[in-house]
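Q: using only what follows, build the 3D model:
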Amino acid sequence: MDLPSAVKRAERFAVRGVVQGVGFRPFVFRLATAQHLVGWVRNGADGVEIHVEGSADALRVFGAHLTADAPPAARIDSVDVAPAAVTDWTTFEIRDSDLRGAPTVRIGPDLPICAACLRELTDPADRHHRYPYINCTDCGPRYSIVRAVPYDRARTTMAGWEMCARCRLEYEDVRHRRFHAQPVACPSCGPHYRLDLEGVTESVRDADAIARAARLLREGRVVAVKGIGGYHLACDATNADAVETLRTRKFRKERPFALMARDVETMLATADMDADLVALATGSARPIVLAPARVAHPGVSPENLDVGVMLPYAPVHHLLFALGAPDLLVMTSANRSSEPIAYQDDDARTRLRGLSDAMLVGERPIARRVDDSVVQNTAFGPAVVRRARGYAPGVVARLPASLPILAVGADLKNSVTLVVGGQALVSQHIGDLDERGSRESFDQTIQDLLTVYDVDARDLIVAHDAHPEYVSTMHARTFDPSRLVSIQHHRAHVASVLAERGRLDARVIGVAFDGTGYGDDGAIWGGEVFTGSVIDGFTRVGHLREAALPGGDAAARFPSQAAAGFLAGVDGLSDLEAPPFSFPSRFGDASRMASRGVRTFRTTSVGRLFDTAAALLGFTRPATFEGQAAIWLEHLARQSFTRDAIEWPFVDGEFDYRPALRMLVERRRRGIAPHHLARAFHAGIADGLVRALECIADGFDAEAIVLSGGVFQNVLLLTELKQRCDRRGLTVWTNREVPCNDGGISLGQAAIASVRRRG
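A: Okay, the predicted model is just below:
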């Protein structure tokens, strides 16, 4: 119905957030035409732009439904509406993308297959039946295939496949859910899967190749499977021999394997999950969820009460199960331990030789490697342990920065953060930078983000850790020295929590407990308490009493070595190398190093204190992955319900570890079971920390307590703290969007840099 020009009104909408590649333009088209509005919608450099003309009532209804009924994969951060001039538009159309200006639009994360596509995948009458690259606007790859923004097919790894007539018809049909779905494809025109067996590519493809892979898995073989963000190594989780074969080939001594369950029923039979954990597992991110194991599968999760399990998220996963794969698969990153995940086909064929018996190879290239995300539920709510597929590269904060900021993170569990247009985009998990492949991935991720968002490196403010020898710090020094900002590690931990909450001005008591971080005085910090805010800065008001650390950071791999340093500071102990203790010769060597001050450093690390407690209670072998001793200690403690607590006093700004260690030694000698002592240790740490917080709060008007750092991945410790803080009415903030471990450091660096270098 045409309106007279005098009655017609026009408005211009600017929508920002995750609004490209999620069916937003088709949604706007349908909404506008339903209200008899004319105009256009297009992707722009910083979101979606809309021009609509019609009656005042129609415009009002349009504006209300724009946010209320947005596509499920969309995430709207802001909608700016302004009056516009009425033009001569007679229809509503989707226009070509506007490429002017530097892009700040958010790239959507990769999405799991939706219910509608899953129905088509399993429907023999549908032309997409058993096609492993099926997708629509509500599901499928995003971040892993995008090469540049705005998000159009020509800027993705699907650019090499031209749509057939039937796909084109769906793509251009406003009534179809594949309307403007950029990766749309079918068996006639899209990429395919093939199986490489013993280095030879078989002639069968797609469903036949996947069925062949499923048979190999049933036979106990190891198959490399190309997924959304890289390859997995898969085997039958219920076949102990297959699991041991994979562990041996991968050189993965004890670190738990992740599992993929056929469906929710299989997942619930595998892990003890409440409604919150099920919601995490079935959400749009489809992460690996950590939960107590119901069934022990030999070799999957040694000496660990928990298991990490996820549901199928890519069509190829669903097809594997549908075509005969075992109901529960080990699904671990395709690499040797410490290397980054393989994601390029030629590289995978080289690197995975000897690891897998066959490779299920998909033709669609992956633009960037993206690991599976890992989450857990804690007393303070869901927490991200590893942030990657399904979450990255989302905006997790808005910061007061007019200039672009690159924060390069730490050297362990590295991630980087890019701030453009005030939006802080946190990358996927990159890994530990002491490994060459991870360093290459680190360099690539930085260049990738700068290229996608068209940021000139000369314009960057670069934030880095204060540690002068970090790989990330040395990379930062390749930029203009006048634009570098050095950020102390533990202050960045605290700042990451405030950045997530959009409260850089909040006055808090911040607690940063972890394994290692370079301190203001050059010592190895890791048990720090601060007061202040990101705006005003953080003052160190408390810390763990300094201990000796023979060998420095290397002691993280040897709990007995850390124990030698801490126990050297406790008077009156003797015969620690005699039963019931079982320290190896390394303990005596490290004790002598500490007594002579040879290659011995000062530390306030709570992470190393946990290692010491673990060593006293029986974990005296080398750790084969980061945090193993502390995880072992937590799981030991979960087997006890004692109400005892060791002493951990806070005196003159110091947590004194000596009474706690003396009590552990004395009680162990009296024959008290290690699991009771482990529980008492956790309870004592919680008691001592809460008493210290109350003491500090008497002289500092804090809005909240902030807990961050890798020690706070400990679910039992958080449970003990939550109980005590609730009783005392203390408000506690923890990380939610980024990990509390060093995976969240880059966000905190960016937040502090945005305040120090405004303008």
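Q: only C-alpha atoms from now on, for both contacts and neighbour counts.
A: OK.
Q: Leu320: which element?
A: Taking DSSP states H and E as the criterion, Leu320 maps to helix 315-322.
Q: what's the local residue count around the nearest residue to Met593 once chain neighbours are set aside?
A: Spatial nearest neighbour of Met593, chain neighbours left out: Pro550 (6.2 Å); criterion: C-alpha to C-alpha, 6 or more residues apart in numbering. A count of neighbours around Pro550, defined by other C-alpha atoms under 10 Å, yields 28.
Q: give me the phi and psi for Pro550.
A: Pro550 adopts backbone torsions of phi -60, psi 130, taken as degrees, to the nearest 10.
Q: let me know whether it touches Arg592 as I believe.
A: No. Counting by C-alpha atoms under 8 Å, no contact exists between Pro550 and Arg592, whose distance comes to 9.1 Å.
Q: longest helix of the protein?
A: If you go by DSSP state H, the chain has its longest helix at helix 674-697.
Q: so for that helix, what gets flagged as buried?
A: If you call a residue buried by 16 or more other C-alpha atoms under 10 Å, then helix 674-697 has these buried ones: 674-693, 696-697.
Q: need the contact list for the residue nearest to Met593.
A: Shown here is Pro550, whose contacts under the criterion C-alpha atoms under 8 Å, 6 or more residues apart in numbering are Gln561, Ala562, Ala564, Gly565, Ala590, Ser591, Met593, Ala594, Val598, Arg599, Thr600, Phe601.
Q: now these in TSV, with distance to Leu195?
A: What follows is the contacts of Pro550, written out as TSV (distance: C-alpha to C-alpha, whole Å):
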residue	distance to Leu195
Gln561	48
Ala562	48
Ala564	53
Gly565	53
Ala590	52
Ser591	55
Met593	55
Ala594	56
Val598	56
Arg599	53
Thr600	53
Phe601	53
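Q: of those residues, which is the nearest to Arg621?
A: When those are ranked by distance to Arg621 (C-alpha to C-alpha), Gln561 comes first, at 10.2 Å.
Q: OK, contacts around that closest one?
A: If you count contacts by C-alpha under 8 Å, 6+ apart, Gln561 has them with Leu549, Pro550, Gly551, Ala555, Arg586, Phe587, Ala590, Ser591.
Q: what helices or strands is the helix or strand harbouring Leu217 leaning on?
A: Taking DSSP H and E as the criterion, the element that holds Leu217 is helix 207-218. Contacts of helix 207-218 with other secondary structure elements, assessed using 3 or more C-alpha pairs under 8 Å, 6 or more residues apart in numbering; DSSP states H and E, are made with strand 193-197, strand 223-226, strand 231-236, helix 315-322, strand 358-362.
Q: now the helix or strand where Gln723 lies - C-alpha only, CSV.
A: Taking DSSP H and E as the definition, Gln723 sits inside helix 715-728. Extracted as CSV, the C-alpha positions of helix 715-728 are listed here (Å, rounded to 0.1, in the frame of the first residue of the first chain):
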residue,chain,number,x,y,z
VAL,A,715,36.0,-26.0,41.8
LEU,A,716,36.4,-27.3,45.4
LEU,A,717,38.2,-24.2,46.5
LEU,A,718,35.6,-22.0,45.0
THR,A,719,32.8,-24.0,46.7
GLU,A,720,34.6,-23.5,50.1
LEU,A,721,35.0,-19.8,49.4
LYS,A,722,31.4,-19.3,48.3
GLN,A,723,30.0,-20.8,51.5
ARG,A,724,32.2,-18.5,53.6
CYS,A,725,31.6,-15.3,51.6
ASP,A,726,27.9,-15.8,51.6
ARG,A,727,27.8,-16.2,55.4
ARG,A,728,29.7,-12.9,55.7
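Q: surely Ser533 touches Ala499?
A: No. Taking C-alpha under 8 Å as the contact criterion, Ser533 and Ala499 are not neighbours in contact, 10.6 Å apart.
Q: now do stretch 79-95, average pLDDT.
A: Averaged across stretch 79-95, pLDDT comes to 91.
Q: apologies, that question was intended for stretch 337-348.
A: In the prediction, stretch 337-348 has an average pLDDT of 89.
Q: can you list the neighbours in contact with that stretch?
A: Contacts made with stretch 337-348 from outside it, assessed by C-alpha under 8 Å, 6+ apart, are listed as 226, 229-231, 250-252, 333-335, 351, 361, 365-366, 368-369, 371, 430-432, 435-438, 441.
Q: buried ones in it?
A: Counting neighbours by 16+ other C-alpha under 10 Å, one finds that the buried residues in stretch 337-348 are Ser337, Ser338, Glu339, Pro340, Ile341, Ala342, Tyr343, Gln344, Asp345, Ala348.
Q: so can I have a markdown table of those residues showing secondary structure?
A: Formatted as a markdown table, those follow (DSSP: H, G, I helix; E, B strand; the rest coil):
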| residue | secondary structure |
| --- | --- |
| Ser337 | coil |
| Ser338 | coil |
| Glu339 | coil |
| Pro340 | coil |
| Ile341 | coil |
| Ala342 | coil |
| Tyr343 | coil |
| Gln344 | coil |
| Asp345 | helix |
| Ala348 | helix |
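Q: looking at this, His51 is in a helix?
A: No. Under the criterion used here (three-state DSSP), His51 is strand, not part of a helix.
Q: surely it touches Trp40?
A: Yes. Applying C-alpha under 8 Å, one finds His51 in contact with Trp40, separated by 5.3 Å.
Q: can you pick the most crowded of the contacts of Gln561?
A: Scoring these on neighbours with other C-alpha under 10 Å, the highest-scoring entry is Leu549 at 31 neighbours.
Q: what pairs with it across the strands?
A: Applying DSSP bridges to Leu549 gives these bridge partners: Phe601.
Q: look up how far Met593 lies from it.
A: Computed with C-alpha to C-alpha, to the nearest Å, the distance linking Leu549 and Met593 is 9 Å.
Q: so what's Asn43 scoring on pLDDT?
A: According to the model's per-residue confidence, Asn43 sits at a pLDDT of 85.
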